[in-house]
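**Q** give me a 3D structure for the following:
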Amino acid sequence: MRLLGGKDRPVKRKTVLVTNATTGAGLAAVKSLAAAGYRVITADFEGSWRGLRSRYSSAHYGLRAANQQEFERSLLDLVDRVRPDAFLPLGKCSVFIASKNRDRIAAVTAVNVPPLEAFLAAYNKRVCMAECRQLGIPCPILYSLEQASDVLKEERDSVLVVKPDCDVGAAMGVRYVRNREQLCAALRECETRFAGAVIEEYIPGGVEAMKSVVLLFSPQSRLIAAFTTRKIQQWPETGGLTAVGRSTADEHLVKLVLPFFEKWRWCGGAEVELKCDSRNGQDKVIEINPRFPGCLRFPLECGLGLAVMAVNPALDGQAVPDATFLNWPTLPSYTTGAKYHNPGLVLRVFLSKLRSGELRKAGFREGLRELLGAAAITPGLLRDPMPFLGRVLARRPIAPDMPPLFPITARNPDAALGRKGGDLESTEKPL
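**A** Next comes the predicted model:
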């Protein structure tokens with residue numbers, strides 16, 4: 001199998017358990033691991049008709065997830081039962097359970113996830129932004145309701161952002177408000193659906209101002225790999241998932257966000273979303289997600305095998321490259337300037353612009369070009385159709401626009417801010 005640094009050496013066929021295996025990220029990880037010589041077993045809480053699974057999966061398991069306790073028991077029981085050589089949790093629910101039970105799982109299998117305190121410091125957006133400000137990492141200003149009301153009243157044409165105070169994903173619950181009535185309505189909606197909300201400064205800039213950093217750290221909190229991108233299209237168009245993106249090699253962005261991960265002794269994967277402020281050209285952290293992104297296929301297509309790297313350090317310490325936090329040339333390289341297409345999202349963007357009349361002349365040609373680019377990769381994605389077919393037959397072809405599956409018990413934000421080991425509160429935050 002191929003190891004980090006491009007060297008080949010024989011490795012016994014080891015088993016890796018991958019969760020969220022019917023998602024795009026899960027399918028990409030499963031295929032990558034199987035190609036590297038691993039025996040892959042998969043699990044997911046999404047319904048799949050009669051257990052239809054990836055062609056690269058040796059076995060697939062459904063996880064019960066009516067609530068956090070049931071999902072936690074189901075996942076831990078599966079780990080105990082199959083006893084894989086390594087466990088790669090994907091998606092925030094699985095990563096949270098793995099972080100919460102890190103020592104217990106580590107006694108059974110190799111796992112590389114952040115400590116629970118670190119997970120929550122990124123997951124809770126209010127804590128995350130406070131941490132970034134404390135560390136000198138540029139980020140949006142947070143407002144109280146009173147402060148936000150004053151801003152909207154005193155600054156004409158001002159815009160503020162209301163969004164869930166935790167990692168929900170896909171820009172769910174994000175609202176842009178221009179007056180107090182809209183502000184109060186957005187807060188009520190957000191708090192009803194997600195149990196909490198934050199009010200932030202709006203960072204001006206188009207889709208091309210959106211950037212991301214994907215990072216992977218070893219179990220010893222050493223940076224293993226970094227991957228940076230810039231968005232070309234997104235859905236929703238006001239901000240959300242990457243429909244079209246381009247790979248970059250932006251060392252500045254990696255250096256900008258590393259203090260957060262150094263402080264929290266991060267392990268495993270993470271994604272940072274940034275936006276370049278058009279007012280001053282400064283890149284600002286919008287959010288930090290304590291998990292790999294949904295577009296995990298992109299770095300894999302660019303030659304950066306993050307899924308294999310994520311399990312290699314846990315299985316074999318010699319596989320970790322001699323990388324230091326601020327030494328970009330020693331990190332694994334990948335193809336830059338490559339394009340990523342999410343066919344379903346590209347189609348939605350194209351149809352939205354077609355209906356609104358935005359696709360005229362050059363705009364139409366550009367939209368058609370991206371649509372053709374998405375169509376070109378579709379046959380490759382359909383070479384492993386069973387998971388998607390299973391979801392269609394189970395009447396779940398796409399992830400529903402609904403709140404997260406269950407709440408988690410979140411750490412007191414004050415305790416998470418530099419005072420690790422503080423008491424847990426009984427407040428519930430959605431996962």
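
**Q** my guess is Leu241 meets Gly344, correct?
**A** No - Leu241 sits out of contact with Gly344 when judged by C-beta atoms under 8 Å, with a separation of 9.7 Å. Where C-beta positions appear, they are placed from N, C-alpha and C, glycine not excepted.

**Q** who's more crowded, these two?
**A** Shown here are Leu241 and Gly344; by other C-beta atoms under 10 Å, Leu241 has more neighbours (19 against 16).

**Q** mind checking pLDDT for the more buried one?
**A** As predicted, Leu241 sits at a pLDDT of 88.

**Q** that one pairs with what?
**A** Beta-bridge partners for Leu241, by DSSP bridges, are Trp235.

**Q** for it, give me its contacts.
**A** Contacts for Leu241 (C-beta atoms under 8 Å, 6 or more residues apart in numbering) come out as Ala170, Ala171, Gln234, Trp235, Gly294, Cys295, Asn342, Leu345.

**Q** centroid-nearest residue for this structure?
**A** Pro293 (2.9 Å; C-alpha atoms, centre = their mean).

**Q** coming back round to it: so which of the contacts of Leu241 is the most crowded?
**A** Asn342 (25 neighbours).

**Q** my guess is that residue meets Pro293, correct?
**A** No - in this structure, Asn342 is not within contact of Pro293 by C-beta under 8 Å, at 11.5 Å.

**Q** low-confidence ranges, the stretch 201-350 of the chain, go.
**A** Low-confidence segments of the stretch 201-350 of the chain, defined by pLDDT under 70: 314-329.

**Q** switch the cut-off to 90
**A** The stretch 201-350 of the chain contains residues with pLDDT under 90 at 220, 222, 234-241, 312-332, 342-350.

**Q** how about the strands in the stretch 1-150 of the chain?
**A** With DSSP state E, counting those that start in this stretch as the definition, the stretch 1-150 of the chain shows strands at residue ranges 15-18, 39-44, 59-62, 86-88, 110-111, 142-143.

**Q** what's the answer for the stretch 201-350 of the chain, then?
**A** Using DSSP E, counting those that start in this stretch, strands in the stretch 201-350 of the chain cover 210-217, 223-235, 241-248, 268-276, 283-289, 339-341.

**Q** partner strands of the fifth one, parallel or antiparallel?
**A** Pairing partners of strand 283-289, with direction, according to DSSP bridges: strand 268-276 (antiparallel).

**Q** one step back: for the contacts of Leu241, which one is nearest Pro164?
**A** Pro164 has its nearest neighbour among those in Ala171, at 10.0 Å by C-beta to C-beta.

**Q** can you name the residues that contact that closest one?
**A** By C-beta under 8 Å, 6+ apart, the contact set of Ala171 is Pro236, Thr238, Gly239, Gly240, Leu241.

**Q** now swap in Glu70 and tell me
**A** For Glu70, the contacting residues are Arg64, by C-beta under 8 Å, 6+ apart.

**Q** give me the pLDDT for it.
**A** We note a pLDDT of 90 for Glu70 in this prediction.

**Q** ok, Ala171 next?
**A** For Ala171, the predicted pLDDT is 75.

**Q** measure it to Leu241 for me?
**A** The span separating Ala171 from Leu241 equals 7 Å under the rule C-beta to C-beta, to the nearest Å.

**Q** before we move on, what about Pro332?
**A** Between Pro332 and Leu241 the distance is 25 Å, computed by C-beta to C-beta.

**Q** pretty sure Ala25 sits against Arg291.
**A** No - if you go by C-beta under 8 Å, Ala25 and Arg291 don't touch, sitting 9.1 Å apart.

**Q** still on that earlier bit, check contacts around the residue nearest to the centre of the chain.
**A** With contact taken as C-beta under 8 Å, 6+ apart, Pro293 is in contact with Ala25, Ser212, Val214, Glu271.

**Q** OK, contacts around the residue of the chain positioned farthest from its centre?
**A** Most distant residue from the mean C-alpha position of the chain: Glu154, 36.4 Å away (C-alpha atoms, centre = their mean). Not one residue lies near Glu154 by C-beta under 8 Å, 6+ apart.
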